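Colleague: Need a 3D model of the sequence below.
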Amino acid sequence: MLKIAMLSTGEEVLHGDIVDTNAAWLSQLFFESGYSLTKRSTVGDEKSSLVEELVMLSFNSDIVIVNGGLGPTSDDLSAEAAALAAETDLVECSEWVERLKAFFAARGVNMPASNMKQAMLPRGSTMVDNPVGTACGFKVTINDCCFYFTPGVPSEFKRMIESEILPDMRKHFPIESGMDCSKLHTFGTSESALSDKLDKVELPEGYFLGYRSYIPYIEVKLFGPKGDVDRRVKLLQIIYKLIAEHVVSVDESMQQHVAHLMLEKKLSISTAEQSTHGSLSKWLHFDEAAAQFCGHGWVLSSQVDVGQEEGDSLAAAFALAAAFALAGATKEKCGTDLSIVTGHVSDSTFSVAIASKEGEWGQTLTFGRKYSRDDQTLVITTVAADMLRRYFAGQAMFPTYSSLKRVKEMFVPQSAIQG
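Modeller: Numbers count the residues shown, from 1 in each chain. Take a look at the predicted model:
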């Protein structure tokens, strides 16, 4: 089995000042490309630690992707550490010197002397092109292990991986076998509830399930041998039926799926938001093509009175009635086919409503656990988007949510509204 590792460098990554999104992106891309990572590690900007980690990885890996440390400043040590680990010296790459000069000349500025450091590569290494930045990537062998050195800037890193490094890997390390993965994105359930339903599924040899939980979703991942499409699809259908109530998309994000439904249905949508602070509108504008169906919208302060009667024993009923009234008024005033409303949060309780030509659906829900303000906004946004998705798909509008308690739900047909 091909052993592939990634080494992220930099104090800011090691100490959590920035999130290592490059590592997550590379892990997913490599898995989908048939080159699964077997190890990920992080080291700071200390030369001896970096050299030690490079040597250790060279003895235990076939390929290592090193990310970061190719800049012009004194704490950018990757090239120097690579030369020490390979027991060689640094030499000037004349091709990159010319590229640097052209880079700065095109911008009408003089090249700082410190940038010459970026053209110093370990002797015997091969340049890996970076068409969008000043950091020169390079490929070098250390103890029979192939190292690819890349800059930390995400746009440069991703461009180099996709256009330079993956093609080179395919040329020198052809894939013998690999795994495919299908993903079912779920909302409103828990890992334990999903596991209880799916543990009974007997998977063929070579297949297994994985779970990934992040607010507000849980991904159910079906892994199987690469190319075994027919059997994987059949297994996916079995799994889907067992958890269908909470599946919001398959092999694409919920936002992508809702965008496709918006394009298919071609219904205009307006919004009025109190508890989501504009997050719902931004969510619906995710896809540029689908965004054409987004009509006017309002973001209202939680202090705006739209009918809530806090402290009254009938507060939930009043809150839902207010959401219904706002949904109907928004749809009428904006002249759209649909409207979606998120009422403000009071004592961990909120209302969401959707108005359509058939009538209005609304529900009042209470959080069953403590959330930060941002996470509350994300969950309420997803509840509202899920109502839209369910409307488009003709599904039941009021599913069971594990972390939300439904206080009230109601459907008011259009005939009752007009009457």
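
Colleague: Quick one: low-confidence residue ranges for this structure.
Modeller: 176-178, 302-317, 419 (pLDDT under 70).

Colleague: please redo it, this time with the cut-off set to 80
Modeller: The model of the chain has pLDDT under 80 over residues 1, 175-179, 301-317, 417-419.

Colleague: which residues of it fall in helices?
Modeller: 11-14, 21-32, 47-60, 78-85, 94-106, 154-160, 166-172, 191-198, 229-243, 254-265, 279-284, 315-334, 373-393, 414-418 (DSSP state H).

Colleague: Please identify which of those helices is closest to Asp129.
Modeller: helix 154-160 (7.2 Å; Cβ to Cβ). Quick note: C-beta positions are derived from backbone N, CA and C, even for glycine.

Colleague: elements contacting the closest one?
Modeller: helix 21-32, strand 145-150 (3 or more Cβ pairs under 8 Å, 6 or more residues apart in numbering; DSSP states H and E).

Colleague: List the contacts of it.
Modeller: In this structure, residues lying in contact with helix 154-160 by Cβ atoms under 8 Å, 6 or more residues apart in numbering are 21-22, 25, 67, 128-133, 135, 137, 150-151.

Colleague: Max pairwise distance over these: which two?
Modeller: Thr21 and Asp129 (22.5 Å).

Colleague: Name the residue in these two with the higher neighbour count.
Modeller: Legend: neighbour count by other Cβ atoms under 10 Å for Thr21 and Asp129, higher for Asp129 (14 against 11).

Colleague: thought that one was touching Lys139?
Modeller: No. Contact status for Asp129 versus Lys139: not in contact, 10.9 Å apart, counting by Cβ atoms under 8 Å.

Colleague: burial measure for Ala113, as a count.
Modeller: 8.

Colleague: For it, give its distance to Thr186.
Modeller: To Thr186, Ala113 is 55 Å away according to Cβ to Cβ, to the nearest Å.

Colleague: Same check on Val247?
Modeller: Taken as Cβ to Cβ, the span from Val247 to Thr186 is 6 Å.

Colleague: what about those two, which has more around it?
Modeller: More neighbours surround Thr186 than the other of Val247 and Thr186, with 25 against 19 (other Cβ under 10 Å).

Colleague: List the residues that contact the more buried one.
Modeller: Contacts of Thr186 by Cβ under 8 Å, 6+ apart are 194, 217-220, 243, 246-248.

Colleague: Find the nearest non-adjacent residue to the residue nearest to the spatial centre of the chain, please.
Modeller: Taking Cα atoms, centre = their mean, the centroid of the chain lies closest to Ser253, which sits 8.3 Å from it. Excluding its sequence neighbours, the residue lying closest to Ser253 (Cβ to Cβ, 6 or more residues apart in numbering) is His185, at 6.7 Å.

Colleague: pretty sure that neighbour is touching Val247, no?
Modeller: Yes. Taking contacts as Cβ under 8 Å, His185 lies within contact range of Val247: 7.0 Å.

Colleague: got the helices and strands packed on helix 154-160 as CSV, with distance to Glu202 columns?
Modeller: Shown next, in CSV, are these (distance: least, Cβ to Cβ, whole Å):
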stretch, distance to Glu202
helix 21-32, 25
strand 145-150, 40
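
Colleague: before we move on, the earlier item: which one of the contacts of Thr186 sits in the busiest neighbourhood?
Modeller: Val220 (27 neighbours).

Colleague: That one bridge partners, please.
Modeller: With DSSP bridges as the criterion, Val220 is bridged to Leu184, Tyr211.
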